[in-house]
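Participant: fold the following, please.
(one chain, ligands or ions: 1)
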Amino acid sequence: MKYLTRNFNYFTKLGVKGPRPLPIFGNLWERLFTSLPELDIKWQRKYGKIYGVYDGNEPILMVTDPELIKHILVKDFHIFQDRFPVSKSNNHPIIGKMLTELRGDDWKRVRSVTTPVFTSVKLKAMYPTVRESAEGFATTLDKYAKDKGVINAKDLFGCYTMDVISNCGFAIKSDAFKDPNNPFVVNGEVIIEVPVWKLLLPEFALNILNIKTFLNEKSVTFFSPIVRQILKIREKSKTKSNDFIDLMMSVRHEANCIDDGEEESGIEKKILNIKASNKFITEDEMIAQGFIFFAAGNVTANNTMAFCSYELALNPEVQQKLYEEVMSSLDTNGEIDYEVLTKLAYLDAVIAETLRLHTPTIKVGRNAIQDYPLADTGITIPKGQIIQIPIYAIHYSEEYYPNPEEFIPDRFLPENRHNIMPYTYLPFSAGPRNCIGMRFALMEMKVGLAHIIRRFKFVRSPQTEVPVTIVKNIPLKCAKSLTVGIESRVY
Ligand code: HEM
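Facilitator: As a prediction, the model looks like this:
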């Protein structure tokens with residue numbers, strides 16, 4: 001069998017170093033003892049900017065060199081357009097159609113239809129809805145501040161991000177923060193819960209066992225009928241909701257309108273410039289996008305906000321500076337205007353530094369569609385080679401971030417940003433296949449944080465675990481649980 005006879009000298013022949021693999025499991029076994037972020041940091045420090053690991057029988061080339069990253073994600077995008085299946089889901093009837101899984105022309109077509117859902121104009125129109133969720137959330141936090149003095153930040157922020165995504169995505173008022181057992185919250189939480197044994201299984205065993213996805217199928221069966229039902233109702237009704245579903249339905253036949261500047265978006269425009277007649281999206285594809293917006297949008301933003309509250313509790317001087325900036329931006333009605341919010345430099349820096357230190361997506365991957373010489377390294381990778389960029393480890397590199405373990409938002413202030421080397425800060429990745437929900441995520445996190453910080457103070461409580469224990473074996477950085485103290489501000 002190819003699997004058992006695989007020659008683990010693949011990388012040695014290519015002249016690439018890396019940790020020693022074990023038969024059958026390659027380097028996967030190390031995940032049993034060490035979390036993914038820690039493993040990547042350890043390997044990057046030991047083996048440098050290019051190294052090889054074996055994911056079971058699959059050789060993965062790890063690249064952390066910024067110039068090479070630029071080539072892979074942006075300049076030579078046509079060669080690295082495809083991700084390898086993140087969740088082994090390409091056979092699943094719905095999950096296999098999510099943007100994260102699609103390949104080739106199907107990805108181009110669906111991305112070109114969904115990109116206009118997230119333009120600045122459409123995000124601005126969603127601002128009042130997000131603000132409404134933030135206000136409801138602050139009212140809930142008030143009770144915790146008065147009654148308990150502590151919050152389980154991971155659970156509660158999860159309720160906020162779920163409320164925002166269900167409101168903006170599907171015009172469903174989940175009011176999740178009123179009831180943490182709300183089925184939306186429960187099913188949103190478990191989407192990425194994968195039993196370890198599944199992750200450790202090699203490809204052939206997954207096929208034999210007919211395992212079609214690494215995502216939790218129960219949550220797929222919960223969300224899919226809901227989205228299908230919404231689609232049916234919308235097809236018949238004439239009412240507009242300005243949510244993701246309506247926007248996807250209406251942009252199906254619109255011209256592309258991507259409104260970024262600079263080199264990256266030039267390439268993105270070229271890549272997504274497909275014929276209007278080829279621009280369509282099927283019902284199953286819409287359901288799949290509805291599902292991935294729930295899945296990708298919830299856990300990532302939830303954990304970022306929870307880690308942010310944790311860092312603010314541990315760094316009171318940062319929290320005070322943020323509080324002062326937010327208070328100085330209120331208008332006469334005590335509100336923050338959308339334009340003002342997007343320009344708050346310290347709020348932006350606090351979130352950016354949280355996303356550096358606690359970046360949710362540990363790595364991104366690409367698959368080469370042809371042989372490719374890796375710049376001047378002397379290495380030519382063969383067609384089909386999987387490349388991974390360990391974002392988390394890059395964010396912890398001393399070379400790019402002095403004192404990388406410390407929370408220092410000032411790194412991201414406008415006057416210091418030029419010190420950050422391009423392609424070393426990648427929480428949303430880069431290039432035409434970067435995170436489609438980036439601006440939406442930043443908006444929801446900024447609105448949420450600005451609303452909370454003006455009314456509450458996060459403090460370190462005896463129950464705050466330092467450092468936080470993170471969940472092993474999933475491809476995201478997630479806290480196991482995260483408790484911080486909370487006090488109401490008197491004003
Ligand atoms: C803090 C919040 C978030 C972070 C850190 C994050 C990060 C990422 C990263 C690193 C990728 C992989 C990009 C690549 O392979 O180059 C990605 C892809 C993606 N994200 Fe996000 N994300 C966040 C929130 C969201 C939200 C709110 C949505 C939707 C509403 C979303 C939807 C997606 C989708 C659909 C993809 C796949 C894009 C494609 O393959 O074309 N994400 N995200």
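
Participant: for the residue of the stretch 301-450 of the chain found nearest the ligand, report the pLDDT, please.
Facilitator: In the stretch 301-450 of the chain, the residue found nearest to the ligand is residue 437; the distance is 2.2 Å by C-beta to the nearest ligand atom. Just so you know, the C-beta spots here come from the backbone N, C-alpha and C atoms, and that holds for glycine as well. Per-residue confidence (pLDDT) for residue 437: 95.

Participant: wasn't residue 485 part of a strand?
Facilitator: Yes: judged by DSSP: H, G, I helix; E, B strand; the rest coil, residue 485 forms part of a strand.

Participant: who's in contact with it?
Facilitator: 149-150, 313, 458-461, 463-464 (C-beta atoms under 8 Å, 6 or more residues apart in numbering).

Participant: what are the bridge partners for it, then?
Facilitator: residue 150, residue 459 (DSSP bridges).

Participant: got a pLDDT number for it?
Facilitator: Confidence for residue 485, expressed as pLDDT, is 97.

Participant: in the helix or strand in which residue 320 is found, what's buried?
Facilitator: For residue 320, the host element (DSSP states H and E) is helix 316-328. Within helix 316-328, the residues that count as buried by 16 or more other C-beta atoms under 10 Å are 318-319, 321-323, 325-326.

Participant: which SS class is the residue of the stretch 251-400 of the chain found nearest the ligand?
Facilitator: Per C-beta to the nearest ligand atom, residue 297 is where the stretch 251-400 of the chain lies closest to the ligand, at 3.0 Å. Under three-state DSSP, residue 297 falls in the helix class.

Participant: count of residues packed around the residue nearest to it when sequence neighbours are not counted?
Facilitator: Excluding the flanking residues, the one nearest residue 297 by C-beta to C-beta, 6 or more residues apart in numbering is residue 165, at 4.8 Å. Neighbourhood size, residue 165 [other C-beta atoms under 10 Å]: 31.

Participant: just checking, what packs against the strand or helix carrying residue 165?
Facilitator: Assigned by DSSP H and E, residue 165 falls within helix 153-170. Helix 153-170 sits against helix 120-147, helix 183-190, helix 217-236, helix 244-251, helix 283-314, helix 438-453, with contacts defined as 3 or more C-beta pairs under 8 Å, 6 or more residues apart in numbering; DSSP states H and E.

Participant: and these: which comes nearest residue 82?
Facilitator: With C-beta to C-beta as the criterion, residue 82 lies closest to helix 283-314 of the helices and strands packed on helix 153-170, at 16.4 Å.

Participant: what residues sit buried inside that closest one?
Facilitator: Those would be 285-314, for helix 283-314 by 16+ other C-beta under 10 Å.

Participant: near the ligand, which residues of this structure are found?
Facilitator: 83, 99-100, 111, 292-293, 296-297, 300-301, 304, 360-361, 364, 427-429, 433-437, 440-441 (C-beta under 6 Å from any ligand atom).

Participant: among those, name the buried ones.
Facilitator: Listed as buried from those are 83, 99-100, 111, 292-293, 296-297, 300-301, 304, 360-361, 364, 427-429, 433-437, 440-441; burial here means 16+ other C-beta under 10 Å.

Participant: so the residue nearest to residue 297 touches residue 294, yeah?
Facilitator: Yes: with contact defined as C-beta atoms under 8 Å, residue 165 reaches residue 294; the gap is 6.0 Å.

Participant: can you put the buried residues of helix 316-328 in a markdown table and add pLDDT?
Facilitator: Output for those, formatted as a markdown table (pLDDT from 0 to 100):
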| residue | pLDDT |
| --- | --- |
| 318 | 98 |
| 319 | 98 |
| 321 | 98 |
| 322 | 98 |
| 323 | 97 |
| 325 | 97 |
| 326 | 97 |
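
Participant: check these and tell me the two furthest apart.
Facilitator: Among the buried residues of helix 316-328, 318 and 326 lie farthest apart (C-beta to C-beta), at 12.6 Å.

Participant: which residues sit in contact with residue 423?
Facilitator: Contacts for residue 423 (C-beta under 8 Å, 6+ apart) come out as 66-67, 69-70, 73, 430.

Participant: cutoff 10 Å now
Facilitator: Counting by C-beta atoms under 10 Å, 6 or more residues apart in numbering, residue 423 makes contact with 64-74, 389, 394, 400, 429-431.

Participant: now do residue 39
Facilitator: Residue 39 is in contact with 19, 27, 30-31, 33, 53, 362, 390, 392-393, 472, counting by C-beta under 10 Å, 6+ apart.

Participant: what do you get for residue 22?
Facilitator: 8, 28-30, 54.

Participant: show me what it is bridged to.
Facilitator: Beta bridges link residue 22 to residue 26 when assigned by DSSP bridges.

Participant: for residue 293, see how far away it is.
Facilitator: 38 Å (C-beta to C-beta, to the nearest Å).

Participant: likewise residue 169?
Facilitator: Look at residue 169 and residue 293: by C-beta to C-beta, they are 5 Å apart.

Participant: spatially central residue for the protein, please.
Facilitator: Centroid check for the chain by C-alpha atoms, centre = their mean gives residue 300 as the closest residue, at 4.8 Å.

Participant: for that residue, report the pLDDT, please.
Facilitator: 93.

Participant: that older thread, intersection of neighbour lists for residue 165 and residue 294?
Facilitator: Joint contacts of residue 165 and residue 294 (C-beta under 10 Å, 6+ apart) are 184, 188, 244.

Participant: what is the lowest-pLDDT residue among these?
Facilitator: Lowest pLDDT within the shared contacts of residue 165 and residue 294 is found at residue 188 (70).

Participant: surely it meets residue 160?
Facilitator: No: the criterion here is C-beta atoms under 10 Å, and residue 188 misses it with residue 160 at 11.6 Å.

Participant: what's the overlap in contacts for those two?
Facilitator: Common neighbours of residue 188 and residue 160 (C-beta under 10 Å, 6+ apart) are 176, 298, 302.

Participant: so what's residue 65 closest to, chain neighbours aside?
Facilitator: Per C-beta to C-beta, 6+ apart, closest to residue 65 is residue 49, 4.1 Å.

Participant: what's the answer for residue 102, then?
Facilitator: residue 110 (5.7 Å).

Participant: wait, doesn't that neighbour sit right on residue 117?
Facilitator: No: judged on C-beta under 10 Å, residue 110 makes no contact with residue 117 at a distance of 11.4 Å.

Participant: which residues do these two both contact?
Facilitator: Here residue 110 and residue 117 have 248, 289 as joint contacts, going by C-beta under 10 Å, 6+ apart.
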